[in-house]
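Q: What shape does this take:
(3 chains)
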Amino acid sequence: MDVNMKKSRSKEEVQNSEDTRKGPWSVEEDTLLQNYVATHGDGRWNSVARCLKRSGKSCRLRWLNYLRPDVRRGNITLQEQITILDLHSRWGNRWSKIARHLPGRTDNEIKNYWRTRVIKQARSLKCDVDSKQFKDALRYVWMPRLIERIQPSPETHDPPHVSPSKLYPNPTPLLHHQNGLHGSCSGSSSALDSSSSAKLETPLECEGLGHNVSVSGVCERDLEQGNITLPLGGGDSMESLWDDQNLWLMQQLCDDLEIQDNFLA
DNA sequence: AAAGCGTGCAACCGCTCGGAT
DNA sequence: TATCCGAGCGGTTGCACGCTT
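A: Coordinates of the predicted model:
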């Protein structure tokens, strides 16, 4: 995009911004937008924008994030949290890509969840959210705990697809130092972050850690192509997971890995 | 009761991508 | 092939609301 184009566009944007409404949507605008989409279908955002005196972007966003009939609202469930954590560990901040595997959830909602909950926890642990320590803490403490919590009770009729006992033989897999003080680890580190130096004792059973944690038997390609969606369920609130015990465990893990980093350095 | 503060979420902004011409 | 333009994406901001002091 050249400078002239930028200039002309910004001019146009200034002009548009004088004509278009901004800020919260009124009930009337929502109704108009819904009616327009019902009649003409979605995707013609600039046409609908002219009717509503909003920008096309604004219309699209309002529809996708709020008015779409299949939008799920309310708390992110435990299984959704697992999915988000798992997929984020693979793809990073690819919110829309992650959202495609959470039916009814929007990229905006997932992004907000990550920023308000996950980053908050990283701060409270004095970890950088992108640090190996925090990623490992998520993987070895948070995710196993989430999986534990969605274990079906005997009377549950629709068990989740995740089998915690298979994925995590020990509810909180212990990490070890290579110097042997805490035991030694063997097994494939391919299941872990490539940056991770921590390894697990039981490579086969722990294959689920990291890359395969969401759904056993699902291959990466299927996920990438959106051929499958991950099961939803649960309903526990996020906050309950962050009890003192988990915070303590994660803090220990962060400390532990810090020590290991120093040792390896 | 009210002021201050923190949190969560809706909406905006700037940029990139990709299809149409 | 080059250009244009709409759609989509990720980052950021602003506001409403609830909680604390």
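
Q: any weak-confidence spans in chain A?
A: Chain A contains residues with pLDDT under 70 at A:1-19, A:151-265.

Q: ok, 80 please
A: With pLDDT under 80 as the threshold, chain A has low-confidence stretches at A:1-20, A:41-44, A:46, A:73-74, A:120-133, A:137, A:141, A:145, A:148-265.

Q: Contact residues of it facing DNA strand B?
A: By Cβ under 7 Å from any atom of the strand, the residues of chain A that approach DNA strand B are A:1, A:6, A:13, A:17, A:21-25, A:54-55, A:57-58, A:61-62, A:65-66, A:73, A:108-109, A:111-113, A:115-117, A:120. Placement of C-beta: from N, CA and C, glycine included.

Q: and A:Trp25, what is it in contact with?
A: A:33, A:62, A:66 (Cβ atoms under 8 Å, 6 or more residues apart in numbering).

Q: From the residues you listed, list just the buried residues.
A: The neighbour count (16 or more other Cβ atoms under 10 Å) marks A:33, A:62 as buried among these.

Q: As a markdown table, the contacts of A:Trp25 with secondary structure would be great.
A: Compiled in a markdown table, those are given as follows (DSSP: H, G, I helix; E, B strand; the rest coil):
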| residue | secondary structure |
| --- | --- |
| A:Leu33 | helix |
| A:Arg62 | helix |
| A:Tyr66 | helix |
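
Q: Now distance to A:Ala137 too, for the contacts of A:Trp25, in JSON lines please.
A: Output for these, formatted as JSON lines (distance: Cβ to Cβ, whole Å):
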{"residue": "A:Leu33", "distance to A:Ala137": "42"}
{"residue": "A:Arg62", "distance to A:Ala137": "37"}
{"residue": "A:Tyr66", "distance to A:Ala137": "34"}
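
Q: ok, the contacts of A:Trp25 vs A:Ile84, which is closest?
A: Taking Cβ to Cβ as the measure, A:Ile84 lies nearest A:Tyr66 of the contacts of A:Trp25, at 20.0 Å.

Q: show me the contacts for the closest one.
A: When contacts are counted by Cβ under 8 Å, 6+ apart, A:Tyr66 touches A:25, A:30.

Q: one step back: of the residues of chain A next to DNA strand B, buried ones?
A: The neighbour count (16+ other Cβ under 10 Å) marks A:25, A:54-55, A:58, A:61-62, A:109, A:113, A:117 as buried among these.

Q: Kindly reformat those as CSV containing distance to A:Gln79.
A: Shown next, in CSV, are these (distance: Cβ to Cβ, whole Å):
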residue, distance to A:Gln79
A:Trp25, 31
A:Arg54, 35
A:Ser55, 36
A:Ser58, 32
A:Leu61, 27
A:Arg62, 28
A:Glu109, 15
A:Tyr113, 13
A:Arg117, 15
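
Q: Between those, which sits nearest A:Asp86?
A: Closest approach to A:Asp86 among those (Cβ to Cβ): A:Tyr113, at 13.8 Å.
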